[in-house]
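Student: I'd like to go over a predicted model; first the sequence, then the structure.
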Amino acid sequence: MERRKSELFKISQPIDIVFVASLIVKGIDGLVELVGGLALLIFNQPQIMHGVIRLTSHELLQDPHDFVANLLIKTAASFTDGVRIFAAIYLLTHAVVKLVSVVGIITNRLWAYPFALVTIGLMTLYQIYQVVFVHASAFMVLLTIFDIFILWLIWYEYRHRRRKLARHSLPVGDDQNQS
């Protein structure tokens, strides 16, 4: 039994390739959120503003109206300590949930599937609320659609894994006694 737990997720169907690729994207997203959340905790607003100016200065010299560079500067300038701490906690929470889910599923832990379904499902509901009632950016809409797809894949794979586990955990001879 312990051996099965330590095995990595096995690819047995074509949909598993899509599932693993989606998990990798989620894992990378979780790592980016972890780094971003830690950076927001470590650096204060003036340090963030200074870093954004250094990062965007070359681009703004070439094009003073560059949308992304100006958006970054505007966002950094509006960071109060409260907004910075909220954003850090938000990013770190998302990062931990995603990384625990991805590592749990990749290492074949059955508990990780319902954990991911509940936690990512709740985060997706919050995203849907944001899209419908607060601000519907194209990025947020695409991210929400991707997360709904991920939830479907997790649900599909969880059902598949449970059925497979149930077939393999029947004691020898029990299937003969049922006839």
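Tutor: Alright, I've got the coordinates.
Student: low-confidence regions, this protein specifically.
Tutor: Counting by pLDDT under 70, the chain contains low-confidence residues at 1-8, 170-179.
Student: one more pass at 50, please.
Tutor: For the chain, applying pLDDT under 50 flags the ranges 1-6, 173-179.
Student: can you give me the helices in it?
Tutor: Remark: helices assigned in the chain by DSSP state H are 2-6, 14-42, 45-62, 67-77, 81-106, 112-129, 138-169, 174-177.
Student: leaving out sequence neighbours, find the closest residue to Arg84.
Tutor: Counting by CB to CB, 6 or more residues apart in numbering, the nearest residue to Arg84 once its immediate chain neighbours are dropped is Leu40, at 5.3 Å. Backbone N, C-alpha and C define where each C-beta goes, glycine included.
Student: that neighbour and Leu91: what is the separation?
Tutor: With distances taken as CB to CB, to the nearest Å, Leu40 is found 7 Å from Leu91.
Student: which residues sit in contact with Gly37?
Tutor: Residues near Gly37 by CB atoms under 8 Å, 6 or more residues apart in numbering: 87-92, 95.
Student: and the furthest pair within the residues you listed?
Tutor: Pairwise distances across the contacts of Gly37 (CB to CB) peak at 12.2 Å, for the pair Ala87 and Ala95.
Student: neighbour-wise, which of those two wins?
Tutor: Each of Ala87 and Ala95 had its neighbours counted (other CB atoms under 10 Å), and the higher figure belongs to Ala95 (20 against 16).
Student: wait, the more buried one touches Ala39, no?
Tutor: No. Using CB atoms under 8 Å, Ala95 is not in contact with Ala39; the gap is 11.8 Å.
Student: overlap of the contact sets of the two?
Tutor: Residues touching both Ala95 and Ala39 (CB under 8 Å, 6+ apart): there are none.
Student: next, find the distance separating the residue nearest to Ile105 when sequence neighbours are not counted from Trp152.
Tutor: What sits nearest to Ile105 in space, not counting adjacent residues and going by CB to CB, 6+ apart, is Ala112, at 4.7 Å. In this structure, Ala112 and Trp152 are separated by 16 Å, where distance is defined by CB to CB.
Student: who's more crowded, the two?
Tutor: Ranked by neighbour count (other CB under 10 Å), Ala112 and Trp152 place Ala112 first, with 20 against 10.
Student: what sits against that one?
Tutor: By CB under 8 Å, 6+ apart, the contact list for Ala112 reads 100-101, 103-105.
Student: now it: how far from Thr119?
Tutor: If you go by CB to CB, the gap between Ala112 and Thr119 works out to 10 Å.
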